[in-house]
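A.B. asks: quick one, what's the 3D model for this:
(one chain, ligands or ions: 1)
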Amino acid sequence: MPEAPDNNAPLLTLQGVHTHIGEYHILQGVDLVVPRAGLTVLLGRNGAGKSTTLRTIMGLWHASAGALRFDGHDITKEQTPDISRRGIAFVPEDMGIFSGLTVQENLRLAAIGGRFDDKRLDWIFGLFPALKRFWLRPGGTLSGGQKQMVAIARAIIEPRKLLLIDEPTKGLAPAIVDNLSQAFLELKAHDTTILLVEQNFHFVRALGDHVAVMDDGRIVHAGSMQALSNDEAMQARLLGLHAGAVH
Ligand SMILES: Nc1ncnc2c1ncn2[C@@H]1O[C@H](COP(=O)(O)OP(=O)(O)OP(=O)(O)O)[C@@H](O)[C@H]1O
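C.D. replies: As a prediction, the model looks like this:
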C-alpha cells in the first residue's frame, strides 16, 4: 500500500535520530516534532547540534540511527534532491548565494524549468522590495541582509511545504530583521511551515508558535513559544537568559 499523507499528523518527525560526522557523534537521539503550519523555533547554545539537525533533515548528512518522516513518507535514507522534491527547502547559514550571478539569475536557478511564475515573483517583491531594486546586480555586491533575502526568495520561488532556515538574523541591522520578521509572518499566513534555527530569542518570541531547545545533540525541551515566553525561570534554565535580557 502506498503511504498517504495524514493532514492531522505532524509535517515532520525525527525519532531517535543519531548523526555521526566522521568519528564525531553529533546528534545523540534527537526527537523532534514539527506540526503542520506555523513556525517552530530550534534554540540552543553554539555547538548544540542545530545546524546538524537541519542538514540531517535535508539529507546532507545521513542519520546513522533513528527515523525521519516527512508528510507521511519515510525520508531517512533518501537523497537531498528527492527530499527537496518532496517540498522541503533549506536556507543554510552561509546562504550559498552565487556571487558572480545576478539576483535574477540566482533565483532563476531555483525556478522549475528556469521560468518564473509572475504572480509569485510579484508576491516575493512585495516581501522583499530590495530584490526588485537590485534585480540585475551580482549577488556578491549585495549587503548581508540583501543576500539573506535572495537566499530566502530562492527557497520560496516555488511553493514549499517546509522551509528550514539557519540563523537568518545573524549580524543584520534591525530594519532588515524587521523585514525578515514580516516576511516570515506572511509565509505563515500562506500555510508554509517553517523550522527556524535562531539564537536571537527576542526576534523569535514574537514569531514562533512552537519551540524546541537543543543541548549536546539532544532536544531537552519542547513546547509552545507562549509558555516559554511567559516563563522567565524557564528561559533562564534553558537559554541562560535573565530577567530583562533582550537577546
Ligand atoms: N563538518 C563537521 N566536522 C566535524 N564536526 C562538525 C562538523 N559540523 C559540525 N561539527 C560539530 O558538531 C557540533 C554541532 O555543530 P552544529 O553546527 O550542528 O551546532 P549548532 O547548534 O548549529 O551551533 P552554531 O550555532 O555554532 O552553528 C559542534 O561541536 C561542531 O563543532
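A.B. asks: for Ile219, name its beta-bridge partners.
C.D. replies: Ile219 forms beta bridges with Met214, as assigned by DSSP bridges.
A.B. asks: quick check, it in contact with Val213.
C.D. replies: Yes - here Ile219 lies in contact with Val213, judged by Cβ atoms under 8 Å, at a distance of 7.0 Å. Heads up, the C-betas are built off the backbone N, CA and C, glycines and all.
A.B. asks: what does the protein put close to the ligand?
C.D. replies: Neighbours of the ligand within the chain, by Cβ under 6 Å from any ligand atom: Ile21, Tyr24, Ile26, Gly44, Asn46, Gly47, Ala48, Gly49, Lys50, Ser51, Thr52.
A.B. asks: show the buried residues in these.
C.D. replies: By neighbour count, with 16 or more other Cβ atoms under 10 Å, the residues of the chain next to the ligand hold Ile26, Gly44, Ala48, Gly49, Lys50, Ser51, Thr52 as buried.
A.B. asks: show me the residues you listed that map onto strands.
C.D. replies: Ile26 (DSSP state E).
A.B. asks: low-confidence bits of the chain, can you list those?
C.D. replies: Within the chain, the stretches with pLDDT under 70 are 1-6, 241-247.
A.B. asks: longest helix anywhere in it?
C.D. replies: helix 174-189 (DSSP state H).
A.B. asks: so what's the gap between the helix or strand that that one is followed by and the chain middle?
C.D. replies: Using DSSP states H and E, the next helix or strand after helix 174-189 towards the C-terminus is strand 193-197. Put simply, strand 193-197 sits 4 Å off its chain's centre (Cα atoms, centre = their mean, to the nearest Å).
A.B. asks: elements contacting strand 193-197?
C.D. replies: strand 39-43, helix 50-57, strand 162-166, helix 174-189 (3 or more Cβ pairs under 8 Å, 6 or more residues apart in numbering; DSSP states H and E).
A.B. asks: tell me which of those sits most buried.
C.D. replies: strand 39-43 (a mean of 25; mean count of other Cβ atoms under 10 Å).
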